[in-house]
Each structure stands twice: as structure tokens, then as C-alpha cells.
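J.: Here's my sequence, what's the structure:
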Amino acid sequence: MPIPHLWAALFFILVFFLGIDSAFGMIKTFTSGLFDMYPTTLGRYKVLVTLGICMASYLSGLIFVTKGGMYWFQLFDWYLCFFALMLVALLECLVVSYIYGIERFLRNVREMLKPVNNTFLTVMKYCIMVEVPIVMAGALIFTVATFRSPKYGKYVYPEWTNVFGWLLGMSMTLPIPIIIVYNILSAKGTFIERLRETVKPVITRKGGVITDLKDEDCAHVMFPQPDIVSVTKETTEC
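T.: Residues are numbered from 1 along each chain as shown. Presented below is the predicted three-dimensional model:
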């Protein structure tokens, strides 16, 4: 190939910007959730919090550039990408479609992307409700049924790495049932009333305005909600 040094430089520049682009998406997703949950505390120090998360991510990633980095990378990739990510993606689709309500979600999309094509929203609706859950559930079942211990080339990982890998995978999925059980136990009333209370979305607006939701707005297929949904008085940044 002519001018090999130029193409080599362009390749590594491409890899650098690809990493920056991926980091933007991951860091922004994580920090947005933190700032929405704690707007009055962490929201005041957005730059410092984001810098701290970036530095922590950088330091934790140094293990992958050591002499045994490829073995660690293979271990993380084996247990995190195959099982945990598919389970989280499946649960996200189910929660958005059947608990939060797909129609409410589409209205949120319309609010953010005005104007938006209705055909696009229809395709998105059936993908989130039907296609993606079926594909993710099938892939998850196939992955569990054909699971084998990790290996890298001819190297077979020792037994303790399997325990570490499963603990690593559960670190992403175990908080989900823990939070569910905690919220149900913290609520009041019968079990069904607690379940309804925990899956009821809380609409927060600046100034703590109470939003009146109609029956068709409360798209809880599993657990229909009352007409009025209380709103916290804490202000959040839009």
C-alpha cells in the first residue's frame, strides 16, 4: 500500500476518536442518571463529578494494557457482554413497554424530536414491544444453554476465574432484584398495593407541579394506576 506511514497514522487517529465517541456515550449516560437523582448535591459539581468518573474509568482500565491485559479483557468480555448486557437490555424493553407504558414513551420521544415521522414511531413501538424482547430472550437462552468456560487460544482459565466471572456478571444484574425487593418492602399496604406503588412512574416538574394523568396515559398493562400521580417537590434539571 502506498504511503504506509500515512495510513498507519490515520488508523490510530480513527481508533482514538472511536474511543472518545464511545466514552462520551457511556459517561453521559451514567452522569445524567446521577445528576437527575441528586440535582441539589451532585448537580452543583457536574464538572468535578464527570472528571472523577473519567479518572476512575481510566485507572480501572489500566489493567487491560498490562502484560496479561488480553487475558483480563477476554474474561470481562466473556461474562459481561454475553449474559449481563443481554439481560439488562431485555428488562429495559419490558419495563419501557409494559410498566412505564409504550405510548407514554412515544409521547416523550415526540416531545424531544419535534417533528418526528409517525411511521418511524410505529416501527420503534413494535420493535421495543415485540421484536427486540424476542430476539434478546432467544439469544440469552441460547447463550446459557451453550455456555462454556472461557479460554484464550490454547490457554484454559483456572477454576477461580469462573467464580470471579460470575460474580462480575452478577454485579450488573444483582442490583435489579435487590432494588425491587427493597422498594416493595418499603411501600405500605397489601402486596398488590405495594407492587402497584413501586411500578407507578413519578412525573417530576420544576416547581413541583402535580400532573393529572388520564386513564389512557397510565399505560400500565400489568397494574393499572389511579388518575392522579403525585409529584415530588424537588426540582430537577431538564
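
J.: Going by C-alpha atoms from here, please, whenever you check contacts or count neighbours.
T.: Noted.

J.: Give the burial count for residue 179, as a bare number.
T.: A count of neighbours around residue 179, defined by other Cα atoms under 10 Å, yields 11.

J.: just use 2 as the starting number from now, easier for me
T.: With 2 as the first residue, the last one maps to residue 180.

J.: Is it in a helix, a strand, or coil?
T.: State at residue 180, reduced to three classes by DSSP: H, G, I helix; E, B strand; the rest coil: helix.

J.: Can you report how many residues lie near residue 95?
T.: The burial count assigned to residue 95 is 19, neighbours taken as other Cα under 10 Å.

J.: pretty sure it is touching residue 132, no?
T.: No - if you go by Cα atoms under 8 Å, residue 95 and residue 132 don't touch, sitting 11.3 Å apart.

J.: Now the longest helix seen in the chain: average pLDDT?
T.: For the chain, the helix reaching the highest residue count under DSSP state H is reported as helix 5-38. When the per-residue pLDDT values of helix 5-38 are averaged, the result is 87.

J.: Determine the set of other helices and strands touching that helix.
T.: Applying 3 or more Cα pairs under 8 Å, 6 or more residues apart in numbering; DSSP states H and E, one finds that helix 5-38 makes contact with helix 47-62.

J.: Report the angle between the helix or strand just after the helix it packs on and helix 47-62.
T.: Towards the C-terminus, the helix or strand next in line after helix 47-62, according to DSSP states H and E, is helix 70-77. Here helix 70-77 runs at an angle of 110 degrees relative to helix 47-62 (axes from the mean of the first three to the mean of the last three Cα atoms, to 10 degrees).

J.: Give the buried residues for helix 70-77.
T.: Counting neighbours by 16 or more other Cα atoms under 10 Å, one finds that the buried residues in helix 70-77 are 72, 73, 76, 77.

J.: How is this structure divided into domains?
T.: Taking automatic domain parsing as the reference, the chain has its domains at 2-66, 70-174, 176-239.

J.: any idea how far the longest one is from the chain center?
T.: The gap between the average C-alpha position of domain 70-174 and the chain average comes to 9 Å, counting by Cα atoms, centre = their mean, to the nearest Å.

J.: now the end-to-end length of it.
T.: End-to-end distance for domain 70-174: 25 Å, by Cα to Cα, to the nearest Å.

J.: Please pull out the lowest mean pLDDT helix or strand from the protein.
T.: Least confident element among the helices and strands of the chain, by mean pLDDT, DSSP states H and E: strand 229-230 (a mean of 38).

J.: remind me which residues of this structure are low pLDDT?
T.: Flagging of the chain using pLDDT under 70 yields the residue ranges 2, 202-239.

J.: and residue 170, how many neighbours does it have?
T.: Residue 170: 21 surrounding residues under other Cα under 10 Å.

J.: what angle sits between whatever helix or strand it lives in and helix 70-77?
T.: In this structure, residue 170 is located in helix 160-174 according to DSSP H and E. An angle of 60 degrees separates the directions of helix 160-174 and helix 70-77 when computed by the same axes, to 10 degrees.

J.: Could I get the buried residue list for helix 160-174?
T.: Neighbour-count burial for helix 160-174, with 16+ other Cα under 10 Å as criterion, is recorded at 166, 167, 169, 170, 171, 174.

J.: Does anything pack onto that helix? Which helices or strands?
T.: Using 3+ Cα pairs under 8 Å, 6+ apart as the contact criterion, the elements in contact with helix 160-174 are helix 70-77.

J.: Any chance you could list what contacts stretch 177-192?
T.: Residues lying outside stretch 177-192 but in contact with it, judged by Cα atoms under 8 Å, 6 or more residues apart in numbering, are 195, 196, 198, 199.
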